[in-house]
Structures are given as structure tokens and as C-alpha cells.
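1. my questions are about this predicted structure, shown below with the sequence.
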Amino acid sequence: MKHLIVGPDGHGVTDYALQLAKTLGVVGTDVVREETFSDTALPDGPIHVTFTDHIFGASPSEAVDALLARVGERPLSVSFHDIPQREEGAERYQRRADAYRRLAGAAALATVNSEHEAAFFDDTATVIRLPVPRVDSSFNPEPGTVGILGFLYPGKGHEDLIAALRGTGYRLRFLGSVSAGHEKWARGLEKDAEITGWLSDGQLAREIGRTAVPVCAHRHFSASGSLMTWLGAGRNVLASDSPYTREIDAWLPGRITLVSDGDWCRAVDNFTPRTMEPPRYGWDEVAAAWREAWAACGLT
């Protein structure tokens, strides 16, 4: 299996692809690594791609056209990320949905990260959950701190949390970098919250340990590396009530407190920080699931 890995270092989808290849022991010419998608000829044999449309083309349709043209007759395995959601707006959703479904139909194997995402493909996609990476974080929570981790962008709940906790005395800390193109929006958050900027793995582990109330406040999400990072540090988490978080709560019970819209202040007030043994589901388990899925489709 050859791996076509496209996108900038530090992008969540790119990082997933790179870590999967590393765990599988895929090296050398079996990895085609590109910062920007090209039309360079691919090696023969099955091709695995980790896909989100904006990395592969100017529009969802163009992204799929370009990828399928480059893959040609080779068997294709696709790991789908950033699955279209109706909350994006009807026009954008339809453009992306048509493209994603067309690519899935052309693939020998289509995978997603959650059952919620599989429903988008009418449950024809295989579910391989995001790993829960073990984070060695010293538990030393600072009273009154409330944190969201990961890239900052609109819709991830930063503004909702600010509005809910304004005037309460809680100290909001957003652990991560601002996504490109959202710098002006993020500056508007700084009067109410601290934004740490980019953090190394060690720095992030320390900041996780300093945070009393871990939060995942996404308005609409169907998979979350940020949530998995909190869980990998052995933390209990407040998370927006959604089909996805209910799914993860059922999979890993006792680690997530689901929060309804408008109920963040009460949830934070009633939260008790604690640590527990992180779930045993890391990259080795994810790689094993991929091997099993490829074998079932005759892809090796």
C-alpha cells in the first residue's frame, strides 16, 4: 500500500496521515509526501489517501476530479475527514456532499472516524475511530481556569464559552494556534481570554495539567482530536451534547459530561476536576484496524 500524504505540517489531517504511516512502518518510496497537491505520477499499486477537500483543490468537485485523475485505475483507499454537515449552509453543504460521496463511490475502501460520520455515507463507510493519544500531563489544576485546546476558529465554541462565563470570575485559556485566516476574529477574543499560541507537546501537556475545567464546546462536530487529547491526558471533560459526543460517551463511559446549549455556566460551576487512567486505544490499535480493513477489501 502506497500512501499519498498531502498538506502542510501541523494540519490535523496531515498529522493523522503521517502518524498512521509511521506506525505502520511505511517508509521510503511507499510514501509520496507533498505540501501542495500536484499531478506527479504515482507509483503502481493500491493508493491510500487521507482526504479533506480544501487541501486537494480550489473547490470540492475540482479536488475529487484531480485526485481521481491522478489515481487512475489504481485501487484507492480513502480516510475521510471534515465530513460535510448541513450546518455549513445548504449551498456549501451540497457542493461538498456531492464531491465526498462521489469519491467514496470510486474508492475500494472509504473510512470515517465515527458512526455519526458513517451515517453521512448511508453507513457504507468503515468506522476507524481517532486514536486517544496518551499524554503525560502532571495534574496541577489552577482554580478557576477553563480551557479549550486545539486550533482556534469560529464555531469551536470559544465565543459561546466567553458569553456564558463573562462576569463570573473564571479565567478562560485557549490552548493552541489560531487557524490561518482567522487572526482578526481571534484578536476579538483576547479581551476575555488568554490565547497561548502554538505549543510543543511538552508545553501542551503542562497547560492541560494546569487547566481545572477542560471543555470541548464545538457547535457542530463529528470527530474531534481535541477531545481525544483531553481524554488521553486522563481528564474528565465538559462537551457539547451532540450525536458525536453521545457516541463517544457510550464508547468511553464516565469521562464526558454532556452540556446542552445555554447550560455552560451551570456545568462549569458543578464540575469537579479529576484524573483517571487514559483509555487504551492509541496508534497501534488504529493501525491494526487499518490493516484489518485493507485485508477485508483485498488491499495490501
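-> Received it, and whenever you're ready, just let me know what you need. Numbering: from 1, shown residues only.
2. report all helices and strands that the host helix or strand of Arg70 contacts.
-> Arg70 belongs to helix 60-71 when elements are defined using DSSP states H and E. Judged by 3 or more C-beta pairs under 8 Å, 6 or more residues apart in numbering; DSSP states H and E, the packing partners of helix 60-71 are strand 47-51, helix 53-56, helix 90-106. The C-beta positions use only the backbone N, C-alpha and C, and glycine is treated the same way.
3. from Ala163, how far out is Glu190?
-> 15 Å (C-beta to C-beta, to the nearest Å).
4. likewise for Thr272?
-> According to C-beta to C-beta, Thr272 and Ala163 sit 24 Å apart.
5. more neighbours: which of those two?
-> Between Thr272 and Ala163, Ala163 has the larger neighbour count (other C-beta atoms under 10 Å), namely 12 against 8.
6. can you show me the helices along the stretch 51-200 of the chain?
-> 53-56, 60-71, 90-106, 115-120, 158-165, 183-187 (DSSP state H, counting those that start in this stretch).
7. columns mean pLDDT on top of these, output as a markdown table?
-> Shown next, in a markdown table, are these (pLDDT from 0 to 100):
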| stretch | mean pLDDT |
| --- | --- |
| helix 53-56 | 94 |
| helix 60-71 | 97 |
| helix 90-106 | 95 |
| helix 115-120 | 93 |
| helix 158-165 | 94 |
| helix 183-187 | 93 |
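8. give me the residues contacting stretch 2-22.
-> Contact partners of stretch 2-22, identified using C-beta atoms under 8 Å, 6 or more residues apart in numbering, comprise 26-27, 30-37, 42-43, 45-52, 55-56, 79, 81-82, 130-131, 151, 177, 225, 283, 286-287, 290.
9. quick one, which of those are buried?
-> Using 16 or more other C-beta atoms under 10 Å as the burial test, the contacts of stretch 2-22 include 26, 31-32, 37, 46-52, 55-56, 79, 81-82, 130-131, 151, 177, 225, 283, 286-287, 290 as buried.
10. per-residue confidence for Ser222?
-> You'll see Ser222 listed with a pLDDT of 69.
11. before we move on, what about Thr300?
-> Value listed for Thr300 in the pLDDT field: 74.
12. just give me the neighbour total for it.
-> So Thr300, with other C-beta under 10 Å, has 10 neighbours.
13. for Arg255, find the nearest of the helices of the stretch 51-200 of the chain.
-> Among the helices of the stretch 51-200 of the chain, the nearest to Arg255 by C-beta to C-beta is helix 115-120 (17.6 Å).
14. buried residues, the closest one. List them.
-> Buried residues in helix 115-120 (16+ other C-beta under 10 Å): Glu115, His116, Glu117, Ala118, Phe120.
15. closest to Leu109 out of these?
-> In terms of C-beta to C-beta, no member of these lies closer to Leu109 than Ala118, at 13.0 Å.
16. can you pull the contacts of that closest one?
-> Contact analysis of Ala118 by C-beta under 8 Å, 6+ apart lists Val112, Thr124, Ala125, Thr126, Val127.
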